[in-house]
Each structure stands twice: as structure tokens, then as C-alpha cells.
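Trainee: Sequence below, structure please.
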Amino acid sequence: MALTKSDIVAAVHELGFTKKKSVDVIESLLEIIKNALETSEDVLISGFGKFCVKQKSKRRGRNPATGQDLILRERRVITFKCSGKLRHKINGMGYTE
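Mentor: Below is the predicted model:
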């Protein structure tokens, strides 16, 4: 099961914010992140991870359904690297500095 935006809004709402304020806070946060990534800025959230925009050059590819060769255009992609704290938490190891 995936954590959705409405789940995040509900969790913020449980902290005592109004439903509308919770929606506004989450929407604003996501817009800030999207705007930073759009301008190729990295987004570093301490204790969580780092979103980076990487440039991919033009390359040869293949359509797996038809087997047809094609050229994939140049593009930017977003990558995510989790922090050490998050990695340790996910693996149940706690965090030691």
C-alpha cells in the first residue's frame, strides 16, 4: 500500500491543524520541492534524503514490445538517495553516530 498525499494531509490534520490548513501546508511544501527541482536545484531534507536532478544524454534504445530500435532523447531525471539515518531505520538497525 502506498502513502498518498491525502494520508499525509490527514496525519498533519491529526496534529491539530484545520483540514484546509493541512492541505495548504502540504501543497505549499510540494510546490517548493517541485520548483527547486524544476530549476535543477538539489533538495536535501536532513534525516530523510536528497533529491537530485541528473542530465541523461541522448542514447540508443529499443522498444521491448516491438523490438524496434529507436533513439531516446536527451532528458533530465530525478534521483533520490536516502540518508544514513533513514537507511538504518528501514533496516531496523537504529542509528549510531
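Trainee: what about the nearest residue to K19 once chain neighbours are set aside, which helix or strand?
Mentor: Closest residue to K19 in three dimensions, ignoring its sequence neighbours and counting by C-beta to C-beta, 6 or more residues apart in numbering: H13, at 5.5 Å. Every residue, glycine included, has its C-beta placed from N, CA and C. Element membership for H13 (DSSP states H and E) is helix 5-14.
Trainee: What angle do helix 5-14 and the next helix or strand after that helix make with each other?
Mentor: Proceeding C-terminally, helix 5-14 gives way to helix 19-38 as the next helix or strand, assigned by DSSP H and E. Between helix 19-38 and helix 5-14, the angle comes out at 130 degrees (axes from the mean of the first three to the mean of the last three C-alpha atoms, to 10 degrees).
Trainee: Could you shift the numbering so residue one becomes 97, and keep it that way?
Mentor: Shifting the count to begin at 97 puts that one at helix 115-134.
Trainee: If anything else comes up later, I'll come back, but that's it for now.
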